[in-house]
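> Predicted coordinates and the sequence they were generated for:
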Amino acid sequence: MQAVTIGNEQIAAFQRDGVIVLRGVFRDWITPLRDGFEQVLAAPGPFSIENVGNNERGRFFEDYCNWQRIKPFSRFIHQSPAAALAGQLMGARQVQIFHEHILVKEPGTAKATPWHQDIPYYCVDGAQTASYWIPLDPVTQDNTLRVVLGSHRWPKLVRPKRWASNENFFAGDDDYMEMPDVEDGSYTILAPELEPGDAVLFDFRTVHGAAGNQGGNRRRAFSARFLGDDVCYAERPGRTSPPFPGINQRHGERLREDWFPVVWSAG
Ligand SMILES: O=C(O)CCC(=O)C(=O)O
């Protein structure tokens, strides 16, 4: 495994902002990850999602929880520096893999990724969480991931919505705030230009979104999502995303290691 170390300043920035940009760390992984995308696109998994309807332009495809069958994804999780970097930035002693996720926006896709936090969709809660967003194509300010600095520390979680329809994700659950207008000029938004090999790493509570992909090139992004020491199973008021059917866990339990293996431990 490629050795990596992270400085105290980067740890402090990740803790303060809920996000950090890592440059050049995954250059050797872009070709295998692209190969993994082709394998998924040729044979999508049972949870794949199309976010663009038949009479809209473009294609916004997502799939997740394929890493056990897609070898380049499995190798990335076990052999790349991703888990070690995430562990150090979260301040964790151990890191479990939660899942991987691929997002493909074909050229000419108007559909944006709405502003959201990930954790309300998930069957987990905790403060030590980290998701990579690794573009496999160069991205500019027009089609990159956009992230609201410090939003992982907002006092309430934001109500999750369905990306395709904007309906509430869970019926009848009211313990959320509505998404504020994060583009009203009072929030600091990070929108980094990135090359293949660069990555954004963010806390599951950090608010993020992305524009469509109106340019002429594909925009593929690979995500691997990691859990630190304090993360536990959380009951939600309905089917989560990913759904993990048959997970058979109780609220507050540590996630089962046979499904979510430990992939890094501190020296
Ligand atoms: O790639 C995108 O458009 C959005 C990515 C995202 O929301 C995520 O990785 O959690």
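Good, I have the coordinates.
> Now the element after the helix ranked longest in the chain, going C-ward?
Ranked by residue count, the top helix of the chain under DSSP state H comes out as helix 30-42. Next helix or strand after helix 30-42 toward the C-terminus (DSSP states H and E): strand 49-50.
> of all of the stretch 151-267 of the chain, which residue lies closest to the ligand?
Ala210 (3.6 Å; CB to the nearest ligand atom). The way it works is simple: take the backbone N, C-alpha and C, and place the C-beta from them, glycine included.
> Contact partners for that residue?
Lys105, Ala112, Thr113, Asn143, Thr144, Leu145, Arg146 (CB atoms under 8 Å, 6 or more residues apart in numbering).
> if we can go back for a sec, need the residues that contact the longest helix of the chain.
Contacts for helix 30-42 (CB under 8 Å, 6+ apart): 26, 48, 61, 63, 66, 70-73, 75-76, 102, 104, 134, 136, 196-197, 220, 222.
> out of those, which are inside strands?
Counting by DSSP state E, the part of the contacts of helix 30-42 found in strands is Phe61, Asp63, Ile102, Val104, Ile134, Arg220, Phe222.
> Widest-spaced pair of these?
In the ones in strands among the contacts of helix 30-42, two members sit farther apart than any others by CB to CB. They are Phe61 and Ile134, at 16.5 Å.
> For the stretch 1-150 of the chain, what lies in contact range of the ligand?
By CB under 6 Å from any ligand atom, the residues of the stretch 1-150 of the chain that approach the ligand are His101, Leu103, Thr113, Asp118, Ser131, Trp133, Leu145.
> which residues are in contact with stretch 141-156?
Contacts of stretch 141-156 (CB under 8 Å, 6+ apart): 16-19, 105, 115, 117, 133, 135, 139, 175-177, 182, 187-194, 200, 202-203, 205-215, 219, 221.
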